[in-house]
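Trainee: task: produce atomic coordinates for the following.
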Amino acid sequence: MLPKRCPSPSQTWRTFLANHVRDLVSLDFFTVPTARLRVLFVLVVLAHHRRRVIHFNVTDHPTAHWTAQQIVDAFPDASAPAYLLRDRDQVYGEQFRHRMKGMGIEEGHLRRTLTRYFAYYHEARTHLSLDKDAPDGRSVERPERGRVISIREVGGLHHRYIRRAA
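Mentor: Alright, predicted model coming up:
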C-alpha cells in the first residue's frame, strides 16, 4: 500500500497579504488626551498598498453605530475593499458588522493637527516597506539642487528635508 500524500498546506498569512494587498484596508483607534482632561478617540482607515490614510474621524464616544457610519463614509458608491482588518474591540458590534455590506466635533484643533499630520505622512514620511518612499511617492533630489534644509511639519513635531539652492 502506498503512503498517503499530505495535502499541500494552505496559503500562509504572509502570502495572502502579498496577494491581496491592493484589496486590503485596516482600521484602528488611538486616543488623544485633551487639555480639558477629556479623551478623544481617533479612527483611522489605512489602505495597505501605499500605506495611505483614506479616512479618519474623531469622537469622544465611539459606538458601533458611529463606527459603522465611518466605514460607509470611507467607502462611498460601492468602493468597499474586499478585505478589512480590525481588532476585536467591542466598538465593532452588531451594527458595525451589519453596516459593513455627521459627526460634529468641538475640538477643531485636533482635526486640523490630524489633517496636517496625514498630509505629512502621505507626502514626506518614509516607509521601509515602500523602499524608503512616502505613500504619495517622491522624486529623488540630486545634490546639484542645493543644500539640504529642514522644513517643520505638524507644528514642529516632525520635519521633512528638501534641497534648496543657496
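Trainee: residues contacting the spatially most central residue of the chain?
Mentor: With distances taken as CA atoms, centre = their mean, the residue of the chain nearest its centroid is Leu46 (2.8 Å). When contacts are counted by CB atoms under 8 Å, 6 or more residues apart in numbering, Leu46 touches Val25, Ser26, Leu27, Asp28, Arg52, Val53, Ile54. Where C-beta positions appear, they are placed from N, C-alpha and C, glycine not excepted.
Trainee: now those residues: which count as buried?
Mentor: Restricting the contacts of Leu46 to buried positions leaves Val25, Leu27, Arg52, Val53, Ile54, with burial counted as 16 or more other CB atoms under 10 Å.
Trainee: quick one: which two of those residues are the most distant?
Mentor: Leu27 and Arg52 (13.2 Å; CB to CB).
Trainee: domain map for this structure?
Mentor: 12-104, 106-166 (automatic domain parsing).
Trainee: as CSV, the ones you listed with mean pLDDT would be great.
Mentor: CSV is the format used below for those (pLDDT from 0 to 100):
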stretch, mean pLDDT
domain 12-104, 81
domain 106-166, 83
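Trainee: tell me where this structure has strands.
Mentor: 24-33, 39-47, 52-59, 83-85, 147-153, 158-164 (DSSP state E).
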